[in-house]
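Asker: sequence-free structure coming up:
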């Protein structure tokens with residue numbers, strides 16, 4: 001479905017693409033991440049889950065090299081994160097932030113084209129125009145290509161930003177709440193894109209709040225609380241009713257249907273808070 005977007009040399013399946021050891025991060029005296037360890041492999045979609053303030057977005061920001069950790073070791077594609085030059089890192093990982101600020105009224109096509117800047121004056125720039133067009137189509141924003149980004153809805157802006165990430169063609173993809181502003185059809189399509197990238201050999205890490213989507217599309221889940229990963233594994237291993245109820249502070253039931261599909265059911269009855 002997205003073959004033209006994934007026509008790059010990905011590492012062999014199960015290659016460790018992200019390795020985090022004893023990661024700490026603080027804002028002043030406030031600890032945000034506390035001794036966190038994580039490993040993510042090529043061909044996987046990892047969902048980072050947890051309540052607000054658990055440290056998910058902070059972890060992703062550090063992995064993107066946009067924040068310096070207070071302590072710990074991080075390797076990206078086998079190389080210490082701190083040893084990357086910016087252009088080299090841009091060819092290894094692409095980032096979709098939780099919020100994108102657009103200070104100028106760029107056309108949507110221009111935003112997507114920015115994903116190709118790291119390949120300027122290299123052999124990989126030869127197909128820039130075709131790659132941009134394919135990315136626009138994959139995210140169903142090709143009809144918005146000549147619209148100014150500031151005139152688009154939040155959901156449309158998010159899809160244009162995802163198209164920029166796809167156009168960057170990196171073996172590692174970081175997504176911070178990629179489905180938050182989307183309707184149900186585009187939520188599903190976004191997660192299908194993640195699955196297609198992983199099937200081609202990419203490593204995808206996504207911060208997610210929708211436990212149902214995470215259960216349906218992620219190979220592995222990492223449930224965070226108070227700056228730590230308290231459970232890491234498959235959906236069946238992580239999404240246990242008692243654990244989710246405790247972590248989120250709300251009654252949550254999970255049911256495994258025939259075929260292994262997991263249904264997440266928060267209690268909708270009125271609670272005394």
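Answerer: Sure, I can see it. Just so you know, these numbers come straight off a predicted model, no measurement behind them. Residues are numbered from 1 along each chain as shown.

Asker: The stretch 51-200 of the chain: strands as residue ranges?
Answerer: If you assign secondary structure with DSSP state E, counting those that start in this stretch, the strands in the stretch 51-200 of the chain sit at 71-76, 79-80, 93-96, 172-176.

Asker: of all the ones you listed, which lies closest to residue 12?
Answerer: With Cβ to Cβ as the measure, strand 172-176 is the member of those nearest residue 12 (14.7 Å). For glycine as for every other residue, the C-beta is placed from the backbone atoms N, C-alpha and C.

Asker: counting contacts, what elements does the closest one pack onto?
Answerer: In terms of contacts (3 or more Cβ pairs under 8 Å, 6 or more residues apart in numbering; DSSP states H and E), strand 172-176 is packed against helix 56-63, strand 93-96, helix 154-168, helix 184-200, strand 203-207.

Asker: quick one, what contacts residue 105?
Answerer: Residues touching residue 105, when contacts are defined by Cβ atoms under 8 Å, 6 or more residues apart in numbering, comprise 148-151.

Asker: follow-up on the earlier one: the helices and strands packed on strand 172-176 into JSON lines, with extra columns for mean pLDDT, distance to residue 134 and mean neighbour count?
Answerer: Putting the helices and strands packed on strand 172-176 into JSON lines (pLDDT from 0 to 100; distance: least, Cβ to Cβ, whole Å; neighbours: other Cβ atoms under 10 Å) gives the following:
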{"stretch": "helix 56-63", "mean pLDDT": "97", "distance to residue 134": "26", "mean neighbour count": "22"}
{"stretch": "strand 93-96", "mean pLDDT": "97", "distance to residue 134": "15", "mean neighbour count": "23"}
{"stretch": "helix 154-168", "mean pLDDT": "96", "distance to residue 134": "8", "mean neighbour count": "24"}
{"stretch": "helix 184-200", "mean pLDDT": "96", "distance to residue 134": "12", "mean neighbour count": "18"}
{"stretch": "strand 203-207", "mean pLDDT": "98", "distance to residue 134": "18", "mean neighbour count": "26"}
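
Asker: picking that back up, select from the contacts of residue 105 the one having the most neighbours.
Answerer: Comparing the contacts of residue 105 on neighbour count, residue 149 comes out first with 20 neighbours (neighbours: other Cβ atoms under 10 Å).

Asker: Distance check, it against residue 250.
Answerer: Remark: distance between residue 149 and residue 250 (Cβ to Cβ, to the nearest Å) = 36 Å.

Asker: Then residue 257?
Answerer: If you measure residue 257 against residue 250 using Cβ to Cβ, the figure is 22 Å.

Asker: just residue 267 next, same as before
Answerer: For residue 267, the distance to residue 250 equals 7 Å [Cβ to Cβ].

Asker: how about the nearest residue to residue 154, chain neighbours excluded?
Answerer: residue 181 (4.3 Å; Cβ to Cβ, 6 or more residues apart in numbering).

Asker: you'd agree that neighbour is up against residue 162?
Answerer: No - Residue 181 is not in contact with residue 162 according to Cβ atoms under 8 Å; the separation is 10.8 Å.

Asker: returning to what we had before: in contact with the residue nearest to residue 154, which residues are there?
Answerer: By Cβ under 8 Å, 6+ apart, residue 181 lies in contact with 153-155, 157-158.

Asker: Which of the residues you listed sits closest to residue 19?
Answerer: Proximity to residue 19 was ranked across the contacts of residue 181 by Cβ to Cβ; first place goes to residue 158, at 29.2 Å.

Asker: What strand or helix carries residue 25?
Answerer: In the assignment (DSSP states H and E), residue 25 maps to strand 16-27.

Asker: coming back round to it: next, give me the two most distant ones among the contacts of residue 105.
Answerer: Among these, 149 and 151 lie farthest apart (Cβ to Cβ), at 7.3 Å.

Asker: rewinding a little: so which of the strands of the stretch 51-200 of the chain comes closest to residue 17?
Answerer: When the strands of the stretch 51-200 of the chain are compared by Cβ to Cβ, strand 172-176 sits nearest residue 17, at 5.6 Å.
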